[in-house]
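1. Predicted model, plus sequence, below.
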Amino acid sequence: SKRSKCVEAGVVLMLALCAAAGPAAAQEDTVPPWETWQPPAVEMPDPNAWEIYLRAFSLSEAIEQRLEDELGEGAQTTLDMSEATLEPETLARLVDAYAPVFSALEAAIAGKTRVPPIMSREDIDESFEEFAYARQSCRMFACRSVHHLQREDPLSAALDGVASMRIGSDIGTHGSLVSGLVQIACTAIGEARLREAIPLLGADEARIVAGALRDVIARAPGFADALVGEETLSRLLARELLPQFEGIDEAIKGLRDDLDYARRVLAQEDPAVAEMDDAALNALIEEKAAQMKAMAPDRIWEELGDFYAEWQIEAAKTLWARQPVHAPENPILQQLTPSFEKSGMKYAVSDARLRVDLAAAAAQAFKGETGVYPASLEQLVPEYLPEVPRDPFEDAPLRTIAQDPVSRAHPASQRTPTGASVLTIYSVGPDRDDDRGMDVGRGADEDTDGDIAVTLRAG
């Protein structure tokens, strides 16, 4: 809503002046660039598993309605971790009732998905409800993960967490900041369930989970992908707004030619203008003229492209390497462009959690085959990981703290491993300070004290 309405008093005044001045004189053979611009073409998969997602969402609605009719008002009819913790019997009944939805979602996850991209402003509004259903689907998998843990099936519990992440990755293919934040939320839902399951996995199970996580990380749309859609949205909004500023030159001329008119109009913004003498008023008119010239449509369109080009360069970098991108000073551009710093941080936090979890799953596989955790993540390469995951918050790999080192022969491995009974794997986190693996918990921003960590304990 911030970008779809000009709420700045100065912007409103400029619009009123341009409207009063009328349209600018047409220049022969000149077509404004926003009139010829078209959203970038996107190749869609055929078949597109997004259609399966939509059918799964519809099927979920139908099952919920059937349960409400059968069980009556007040009965638990949805699989949602955000409500009260479900009793095991209730959870088992609902998991069974929603089995067709899980099957449909699993079929969608197995296919190739591309959410239809932004081609008009209406596309954003139509996507909100679908994204809400996707997030609810992740909560359903989180509930089923709890059910699997109750049945002592940690592999299925872990893979249900991964399924939530896969749904998030598919939503992220929409290529917008809204879908990106939904992607991060879906990943967080699944990641919370995954962390509970990892310490319970056997060697082969942990290898399976590590492979599934590597796939999620490789295919997940990133911050730069979201900015592509955001630029499209900003340009769609600009295309609606900029024609209203085509009368700027005439508006400036009107202020300069008629001081009484200028005094009356500018007093709408600042009543003190009514008492100004002519010299002070002329100075104010020139100040306003300079501001209005900065809002010339061609200039705004060009600066909009420059802003996104600069951000695309930085978004393609790991967070620790990014340079600041200055927010536009032009109030029109401020309405058309959001602040991306916090969103970029959310992507980095999510990425760090996944990398820590990947290393933890590989370490759990190592422990299952050797009896101990590795003394360092380098011991996992290349048997369990192709390389040690990097920390998004510093130019270094993830860190570890190994406790109670042991060394003993293990018949299955045919070697004498050196490892630990307790292993903490961590990223230094958004504050970029080494807090020795003190986990920051679910909430993390640039001022949060703590690391993004997992601690594994043998036994």
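-> Right, received. Where do you want to start? Numbers count the residues shown, from 1 in each chain.

2. residue boundaries of the strands in the stretch 251-400 of the chain?
-> Counting by DSSP state E, counting those that start in this stretch, the stretch 251-400 of the chain has strands at residues 373-374, 399-407.

3. deepest of those strands, which one?
-> strand 373-374 (a mean of 26; mean count of other Cβ atoms under 10 Å). To be clear about C-beta, it is placed using only N, CA and C from the backbone, and glycine gets the same treatment.

4. strand partners of that one, parallel vs antiparallel please.
-> Sheet pairing of strand 373-374 (DSSP bridges) gives strand 418-427 (antiparallel).

5. Using PDB, write out every CA atom in the partner strand.
-> The C-alpha coordinates for strand 418-427 follow below in PDB (Å, rounded to 0.1, in the frame of the first residue of the first chain):
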ATOM      1  CA  THR A 418      38.900 -39.100  15.900                       C
ATOM      2  CA  GLY A 419      35.800 -37.200  16.900                       C
ATOM      3  CA  ALA A 420      33.600 -35.900  19.600                       C
ATOM      4  CA  SER A 421      30.600 -36.900  21.700                       C
ATOM      5  CA  VAL A 422      29.200 -33.400  21.500                       C
ATOM      6  CA  LEU A 423      29.400 -31.200  18.400                       C
ATOM      7  CA  THR A 424      28.100 -27.600  17.900                       C
ATOM      8  CA  ILE A 425      27.900 -26.400  14.300                       C
ATOM      9  CA  TYR A 426      27.200 -22.700  13.800                       C
ATOM     10  CA  SER A 427      27.200 -19.500  11.800                       C
END
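
6. how about the following helix or strand past that strand: buried residues?
-> Downstream of strand 418-427, the first helix or strand assigned by DSSP states H and E is strand 452-457. Neighbour counts over strand 452-457 (16 or more other Cβ atoms under 10 Å) mark 452-454, 456 as buried.

7. With respect to Gly190, which of those residues is nearest?
-> Closest to Gly190 out of the buried residues of strand 452-457 is Val454 (14.9 Å), distances taken as Cβ to Cβ.

8. For the nearest residue to the closest one once chain neighbours are set aside, give its distance to Ile208.
-> Excluding its sequence neighbours, the residue lying closest to Val454 (Cβ to Cβ, 6 or more residues apart in numbering) is Ala360, at 4.5 Å. For Ala360, the distance to Ile208 (Cβ to Cβ, to the nearest Å) stands at 14 Å.

9. Give me the more crowded residue out of those two.
-> Ala360 (28 against 18; other Cβ atoms under 10 Å).

10. Was I right to think that one contacts Ile425?
-> Yes: applying Cβ atoms under 8 Å, one finds Ala360 in contact with Ile425, separated by 5.5 Å.

11. what touches both of these two?
-> 454, 456 (Cβ atoms under 8 Å, 6 or more residues apart in numbering).

12. contacting residues for Ile184?
-> Remark: with contacts taken as Cβ under 8 Å, 6+ apart, Ile184 is in contact with 168, 346-347, 350.

13. Just name the closest of these to Asp431, please.
-> Lys346 (15.1 Å).

14. Is that closest one in contact with Leu177, as I believe?
-> No: here Lys346 lies out of contact with Leu177, judged by Cβ under 8 Å, at a distance of 10.0 Å.

15. about what we covered before: could you list which of the contacts of Ile184 belong to helices?
-> Residues of these located in helices (DSSP state H): 168, 346-347, 350.
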